[in-house]
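# Here is a sequence with its predicted model. Questions after.
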Amino acid sequence: VFAHIEPCSEEGAGGRVVFQLSALRLEWKQRMLSRSEPSTFFEIARQTPTSIGNKWVVVYRSQPVLESLRPCWDKAEVDLETFCNRDTERPILVSVYIHKKKGNHALLGSFESTVKILLEKAEAGSERDWHQSTFALQTPGYKAYESVGTIAVMEGSIIFDGESATTTNGDRISPRPLPIDTSSRCESTSSAYSNYGNVIDSPGSFTSVTVDMASLQLSQSRTTSSSGNGHDSTSTSPRYTFSDYVESGLDVALSVAIDFTSSNGDPRIPGTLHYNSDGSLNDYEETIMSVGKAIAKYSKDEDIPVWGFGAKYGGLVRHLFQCGSEATATDVDGVLDDYRSVFLTDLTMSGPTVILDVIKAAASRAKRYDVRSLKYGVLLILTDGIVSDAEATKSLLHAVSDLPLSVLIVGIGAADFRLMQEIVEYSNQTSRPNVSFVAYRPHQHDPRSLSRAALKDIPAQVVDYLKRKGVPPRRYSGLSETSNCS
């Protein structure tokens with residue numbers, strides 16, 4: 001039994017260490033033998049003296065990042081007493097592991113440092129001096145000087161009383177800012193759905209290929225007819241199609257919501273989800289161009305609100321803020337411009353992942369649509385993570401199901417999206433099916449496949465809603481709706 005006692009102050013009295021680590025690259029020798037990249041996590045241990053020498057005692061373990069050799073681990077906050085017993089020059093050991101489901105995790109590499117050096121690295125990174133903000137990850141054993149990766153300190157500070165952040169030299173360090181719009185329009189909504197009408201709409205190598213949603217509806221109709229589950233040709237009731245409504249003047253209003261939580265990684269580092277260079281599109285941009293254009297072609301005015309969520313402004317996390325200088329973009333290219341403009345401002349990527357407010361904002365718009373004029377909304381949500389409040393999300397999606405609105409969620413990155421799929425399935429089973437989910441990664445090299453997968457349910461959702469509300473296409477407007485509408 002090992003026991004070591006050190007004097008400590010009251011918990012929290014000595015401050016808290018706030019930090020975030022990311023891997024610029026990890027070398028994994030079994031990469032060629034595996035179909036996917038490994039999941040990784042890191043541990044931090046502090047050096048503790050004993051009667052037989054120094055011993056490493058683990059004080060923190062991160063959550064694993066799934067299937068990535070360029071992981072950006074979640075931001076951590078550890079009591080300074082626990083981290084280093086308030087001795088910022090006490091050695092600490094950072095070790096990166098390959099996560100195994102059976103628990104036999106494999107050590108990939110490690111490096112030694114101190115809290116003081118950790119903060120200095122963070123300060124260098126905030127000044128964009130990346131060469132001074134990284135550590136070389138070294139292999140264990142006899143190849144101690146063989147580098148198996150580079151670890152960057154994305155953020156580092158010591159927080160006292162929840163406000164000040166200081167280095168060991170007394171200089172202040174703030175968590176590293178990510179540029180996002182700092183105008184007073186960044187207002188978060190917290191109203192219950194019963195008050196959603198008060199939500200402010202404006203609070204604050206890939207080739208784009210679009211898919212015709214009408215063709216999706218046509219193929220679905222043929223499949224239904226051939227299987228005997230739909231109306232047959234002898235039915236006296238007309239079977240409406242998405243094309244019928246398009247010909248009658250259907251106006252699909254697109255809204256876009258984009259995830260700016262810290263799990264996306266720093267957009268200035270290659271391999272992270274928001275990174276962009278050399279004119280190529282990142283995963284978010286590819287989705288906007290492919291899926292967004294396919295939806296926007298059915299819009300009459302193409303005024304598209306672009307919202308962000310999951311970033312911090314003025315010390316508060318904003319789950320709804322406006323991207324760009326105007327309330328709406330004029331087209332999908334404008335959506336791309338508004339998205340990119342976020343990185344020229346000074347908000348900080350944060351968390352958790354909450355999509356409640358962007359759904360409320362889209363519901364606020366949909367509430368004002370005149371269904372008789374064939375106006376219908378689609379909210380496109382792009383996110384890299386799992387929502388933090390699944391039950392509240394389910395309840396809200398159920399509440400908005402009676403509005404002319406579909407919610408389309410695209411999962412960016414390599415997260416485990418099973419919970420998101422469960423939310424969608426639950427929502428569609430308990431109310432009008434109006435929620436869809438598709439993971440981006442299986443379609444990342446095929447924009448047409450991405451568009452088809454993302455949009456395959458939207459035409460049927462539009463038709464189903466309009467039939468429920470007793471709104472036929474123009475050429476059927478003189479016929480009885482008794483057997484078709486509710």
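Received the coordinates, thanks.
# Could you pull out the helices in the stretch 201-350 of the chain for me?
Along the stretch 201-350 of the chain, counting by DSSP state H, counting those that start in this stretch, helices occupy 213-227, 242-247, 283-287, 293-296, 332-341.
# The last one: which residues count as buried?
Translated: helix 332-341. 332, 334-341 (16 or more other Cβ atoms under 10 Å). For the C-beta atoms, the positions are set from N, CA and C on the backbone; glycine is no exception.
# how far does that helix sit from the chain's center?
17 Å (Cα atoms, centre = their mean, to the nearest Å).
# Show me what it is in contact with.
Helix 332-341 is touched from outside by 181, 256, 258, 276, 284-285, 288-289, 292-293, 296, 302, 304, 306, 323-326, 329, with contacts defined as Cβ atoms under 8 Å, 6 or more residues apart in numbering.
# cutoff 6 Å now
Helix 332-341 has contacts (Cβ atoms under 6 Å, 6 or more residues apart in numbering) with 256, 258, 288, 292-293, 296, 304, 306, 323-324, 329.
# State the mean pLDDT of that helix.
What helix 332-341 shows for mean pLDDT is 94.
# and Ser22, that's in a strand?
Yes: for Ser22, which was evaluated using DSSP: H, G, I helix; E, B strand; the rest coil, the result is membership in a strand.
# quick one, what contacts the residue nearest to it when sequence neighbours are not counted?
Leaving aside its sequence neighbours, Ser22 sits nearest to Cys72 (Cβ to Cβ, 6 or more residues apart in numbering; 4.1 Å). Neighbour list for Cys72: 22, 265, 272 [criterion: Cβ under 6 Å, 6+ apart].
# Kindly report the same for Ala106.
Ile98.
# quick one: it from Ser95, how far?
Separation of Ala106 from Ser95 (Cβ to Cβ, to the nearest Å): 11 Å.
# and the nearest residue to Tyr275 once chain neighbours are set aside, how many neighbours does it have?
Once flanking residues are discounted, Tyr275 sits nearest to Pro267: 5.4 Å by Cβ to Cβ, 6+ apart. Residues lying near Pro267 (other Cβ atoms under 10 Å) number 19.
# wait, doesn't Pro267 sit right on Asn276?
No: using Cβ atoms under 6 Å, Pro267 is not in contact with Asn276, being 7.2 Å away.
# got a list of contacts for whichever helix or strand Val407 is part of?
Using DSSP states H and E, Val407 falls within strand 405-411. Residues from elsewhere that reach strand 405-411 (Cβ under 6 Å, 6+ apart): 287, 366, 377-382, 417, 434-440, 458, 461.
# Ile258 pairs with what?
Beta-bridge pairing for Ile258 (DSSP bridges): Gly308, Leu382.
# which residues sit in contact with it?
Taking Cβ under 6 Å, 6+ apart as the test, what Ile258 contacts is 308, 339, 382.
# Give me the three-state assignment for the closest residue to Asp464 other than its chain neighbours.
Once flanking residues are discounted, Asp464 sits nearest to Arg432: 6.8 Å by Cβ to Cβ, 6+ apart. Judged by three-state DSSP, the three-state class of Arg432 is coil.
# Torsion angles phi and psi at Arg432?
phi -60, psi 130 (degrees, to the nearest 10).
# For the protein, spot the helix or strand the model is least confident about on average.
None of the helices or strands of the chain scores lower by mean pLDDT, DSSP states H and E than strand 164-166, at a mean of 44.
# Put the alpha carbons of the strand holding Val407 into CSV.
Only the C-alpha atoms of strand 405-411 are listed here, as CSV (Å, rounded to 0.1, in the frame of the first residue of the first chain):
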residue,chain,number,x,y,z
LEU,A,405,-40.7,22.9,-40.6
SER,A,406,-38.3,20.1,-41.2
VAL,A,407,-35.0,19.7,-39.1
LEU,A,408,-32.1,18.2,-41.0
ILE,A,409,-29.0,17.4,-38.9
VAL,A,410,-25.7,16.5,-40.6
GLY,A,411,-23.0,15.0,-38.3
